[in-house]
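Enquirer: A structural model of the following input is requested.
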Amino acid sequence: MKLIEWAFLFLCSIVVITLGVIHSIHGTDPHHWGFILANALDLAQGKVLFKETYVQYGLGQPFLYQFLSQFFPINFSTIGMITSVVYALHLGLIYAISRKIGGPLLAAFIYGVTFLIHTYSISPWPNYYAGVCLSSAILLLLQDQRVRLSSILAGLFLFLAFFFRSTYLLSIVATTLVYLAVVLYAPNLRSKKVFTSLLTFYVGILIFAFILAFHGDLQLWYEQSIGSGTSVYAVGFHELLKSLRKAFWPVGGYLPDHIVNTSFVIFFNTTAYFLIRSVIRKIQPERTEYVFIALLGLAGLSQVVLSYEYFRLQNDCMPIFIITAVMMKDKLSKPKWRVGLALYLFLLILRFPNGSILFPLYDGTLDSYQETSIPIFKFHRFQPQVKSYYEGLAKLLCQDDRKIINLTIDSTIPYLCSTPKNDLLLPLYNERFFKNQQLDYQNKWVVTDQLSKLDLASFDLIGEVIRPGSIRFFDASRVAVYLQRTPSPH
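Expert: Numbering: from 1, shown residues only. Sure, this is the predicted structure:
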């Protein structure tokens, strides 16, 4: 690449990381961020994964954070900062793939679209980590040198995508089955590189399953990751059909603004048209690997069934941008296309302030935000009333070494003390998860809010604080700490 391209990527990456870091320091979402952080903190405390801590998404982040903890603290804000760097790398990979397809101008356009649709990471969610692995696999599949090694490495990165988010197994298995059907119908679309990468991926899956089974964790892994989609979130085939409708039909405004919604509809339909063109109309693509990549993009919709959000689409369905680049390759030389695409980028620039979570997030100026001495919130800054809420809770819960049973959906509560004190598999309350659980409340702090349904007749109120309504995903509420009374001796 030329120096100007490196400069372009460097400056854009600085923007991606800077905005992500600002959000990580000032954005307070204790439900989601705390849930991701919990696995890392529990693993650092020596808890056994699956048996003593609930691993819903994948093993990648807990192990990555444990490794990185040797160099800097892993806490509420730093996991967001790490994700910001990962996402900047992902966008850079999208540029590299697009450049390989059609040169720097096409790469700059595709990068600009992905950059403006979703400029920075909004949570430390595993989709960002799995997405960068998916892009790495695609870039390796398109290599023309050391083909065998590149194909094996592509399979390893597909496995890593699964390792960071277990439900990627669904996407890749679905892609595999459809791809096999396609190459049986149209043998000219068969790619030896794709088969090598898939073989590597499934060997990795078998080794992973063997290790889990050896430790007696295979069933627990399934129940906590893939199985939780139906058992905890009640996701089924109907929800998948709804996602398909949203992806291919431009009516409804499922995403925050119409231009982003319409953009994804165009990208999905372009990818579908590419497959119809290649398979049904038998128009040979320049690279047979593109068929597999297109199928991966459409199969990514299985990851957005629960929540149709652009950060999921951007990461899990990333191959649709690559196939769009393939279809646009010969269009950029035409002046009308250049004018139209420039206008489209201009519209994306105009919608950025409204589309960015940074702008509506803050109530007041950033100067009013304050730090706290609570260890997991090192580097984080709160609105004054939110700071008072957490410091009040910490004062109640950290006065001794009692474990914490958290019956709220604020996942950070069991980790407010210098030593994590979570007594449950989950760091938060989930009614479906706990309905068949027999909990031992004796001599443990029990934290409740208006959502918990615990009968408090045998408990003493120790103290309470008011949770501000300015915390994302929470309404103002009374949060109380209880202790169960010791039964009288007979």
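
Enquirer: dump the residue contacts of residue 481.
Expert: Taking Cβ atoms under 8 Å, 6 or more residues apart in numbering, we find residue 481 in contact with 393, 396, 397, 445, 446, 447, 461, 462, 463, 464. C-beta: built from backbone N, CA, C; applies to glycine.

Enquirer: Thought residue 445 was touching the third one, still the case?
Expert: Yes. With contacts defined as Cβ atoms under 8 Å, residue 397 counts as touching residue 445 at a distance of 5.3 Å.

Enquirer: Am I right that residue 470 is in contact with residue 387?
Expert: No. Judged on Cβ under 8 Å, residue 470 makes no contact with residue 387 at a distance of 11.3 Å.

Enquirer: Which of those two has more residues huddled nearby?
Expert: Neighbours were counted for residue 470 and for residue 387 using other Cβ atoms under 10 Å; residue 387 has more, 20 against 17.

Enquirer: Test my guess that that one contacts residue 368.
Expert: No. With contact defined as Cβ under 8 Å, residue 387 and residue 368 do not form a contacting pair (10.5 Å).

Enquirer: Doesn't residue 176 belong to a helix?
Expert: Yes. Assigned with DSSP: H, G, I helix; E, B strand; the rest coil, residue 176 falls within a helix.

Enquirer: surely it meets residue 198?
Expert: Yes. In this structure residue 176 lies within contact range of residue 198 using Cβ under 8 Å: 5.9 Å.

Enquirer: Find the helix or strand that residue 447 is a member of.
Expert: Element membership for residue 447 (DSSP states H and E) is strand 445-448.

Enquirer: show me where this structure has strands.
Expert: Here the chain has its strands, by DSSP state E, at 404-407, 445-448, 459-467, 477-484.

Enquirer: if we can go back for a sec, now a PyMOL select for only the buried ones of the contacts of residue 481.
Expert: PyMOL command restricting those to the buried ones, with burial defined by 16 or more other Cβ atoms under 10 Å:
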select buried, resi 393+396+397+445+446+447+464
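
Enquirer: Neighbouring strands of the strand holding residue 447 in the sheet, and parallel or not?
Expert: Sheet pairing for strand 445-448, assigned by DSSP bridges, gives strand 404-407 (parallel), strand 477-484 (antiparallel).

Enquirer: Please state the offset of that strand from the chain centre?
Expert: From the chain centre to the centre of strand 445-448 is a distance of 29 Å (Cα atoms, centre = their mean, to the nearest Å).

Enquirer: model confidence over that strand, on average?
Expert: Strand 445-448 carries an average pLDDT of 92.

Enquirer: just stretch 21-40 next, same as before
Expert: In this model, stretch 21-40 has an average pLDDT of 92.

Enquirer: Could you do stretch 178-187 as well?
Expert: The model assigns stretch 178-187 a mean pLDDT of 96.

Enquirer: my guess is residue 289 contacts residue 195, does it?
Expert: No. Assessed by Cβ under 8 Å, residue 289 is found out of contact with residue 195, at 10.7 Å.

Enquirer: Give the residue from the two that has the larger number of neighbours.
Expert: Set residue 289 next to residue 195 and count neighbours by other Cβ under 10 Å: residue 289 wins out with 20 against 17.

Enquirer: residues in contact with that one?
Expert: By Cβ under 8 Å, 6+ apart, the contact list for residue 289 reads 141, 142, 191, 193, 194.

Enquirer: Relative to residue 142, how far out is it?
Expert: 6 Å (Cβ to Cβ, to the nearest Å).

Enquirer: With residue 333 instead?
Expert: Between residue 333 and residue 142 the distance is 22 Å, computed by Cβ to Cβ.

Enquirer: who has more neighbours, these two?
Expert: More neighbours surround residue 142 than the other of residue 333 and residue 142, with 19 against 9 (other Cβ under 10 Å).

Enquirer: gap between the closest residue to that one other than its chain neighbours and residue 167?
Expert: Spatially, and ignoring its direct neighbours in sequence, residue 142 is nearest to residue 100 (5.6 Å; Cβ to Cβ, 6 or more residues apart in numbering). Residue 100 sits 29 Å away from residue 167, going by Cβ to Cβ.

Enquirer: Compare the two (neighbour count), which wins?
Expert: The neighbour comparison of residue 100 against residue 167 (other Cβ under 10 Å) goes to residue 167, with 23 against 18.

Enquirer: Check the contact between the more buried one and residue 226; I expect there is one.
Expert: Yes. Counting by Cβ under 8 Å, residue 167 touches residue 226, with 5.8 Å between them.

Enquirer: Contacts only, for residue 413.
Expert: Residues counted as contacts of residue 413 (Cβ under 8 Å, 6+ apart) are 30, 34, 393, 397, 404, 406, 427, 428, 447.

Enquirer: do that again at 10 Å, thanks
Expert: 30, 34, 390, 393-394, 397, 404-407, 421-422, 427-429, 445, 447, 479, 481 (Cβ atoms under 10 Å, 6 or more residues apart in numbering).

Enquirer: quick one, helices of the stretch 351-490 of the chain?
Expert: Remark: helices assigned in the stretch 351-490 of the chain by DSSP state H, counting those that start in this stretch are 358-361, 384-397, 431-434.

Enquirer: ok, now the stretch 51-200 of the chain?
Expert: 60-68, 78-102, 104-117, 126-141, 147-164, 168-185, 192-214.

Enquirer: out of those helices, deepest packed?
Expert: helix 126-141 (a mean of 26; mean count of other Cβ atoms under 10 Å).

Enquirer: Quick one: end-to-end distance for stretch 58-76.
Expert: Distance across stretch 58-76, first residue to last, is 19 Å (Cα to Cα, to the nearest Å).

Enquirer: Helix or strand, whichever it is, which one in this structure has the lowest mean pLDDT?
Expert: helix 358-361 (a mean of 56; mean pLDDT, DSSP states H and E).

Enquirer: Can you give the domain ranges for the chain?
Expert: Listed domain ranges for the chain are 3-360, 376-484 (source: automatic domain parsing).

Enquirer: Confidence-wise, which of these is weakest overall?
Expert: Mean pLDDT is lowest for domain 376-484 out of the domains of the chain, coming in at a mean of 87.

Enquirer: gap between it and the chain center?
Expert: Relative to its parent chain, domain 376-484 has a centroid offset of 25 Å by Cα atoms, centre = their mean.

Enquirer: Return every residue with contacts to both of residue 397 and residue 445.
Expert: Shared contacts of residue 397 and residue 445, defined by Cβ under 10 Å, 6+ apart, are found at 404, 406, 413, 414, 417, 421, 462, 481.

Enquirer: wait, which of the residues you listed is closest to residue 208?
Expert: Lowest distance from residue 208 to the shared contacts of residue 397 and residue 445 (Cβ to Cβ) belongs to residue 414, with 28.8 Å.

Enquirer: neighbours around the closest one, how many?
Expert: 26.

Enquirer: show me the contacts for the closest residue to it other than its chain neighbours.
Expert: Residue nearest to residue 414 in three dimensions, not counting chain neighbours: residue 422, with 3.4 Å by Cβ to Cβ, 6+ apart. By Cβ under 10 Å, 6+ apart, the residues touching residue 422 are 38, 41-42, 45, 47, 52-53, 403-406, 411, 413-415, 428.

Enquirer: what is in contact with residue 289 and residue 142 at once?
Expert: Shared contacts of residue 289 and residue 142 (Cβ under 10 Å, 6+ apart): 154, 193.
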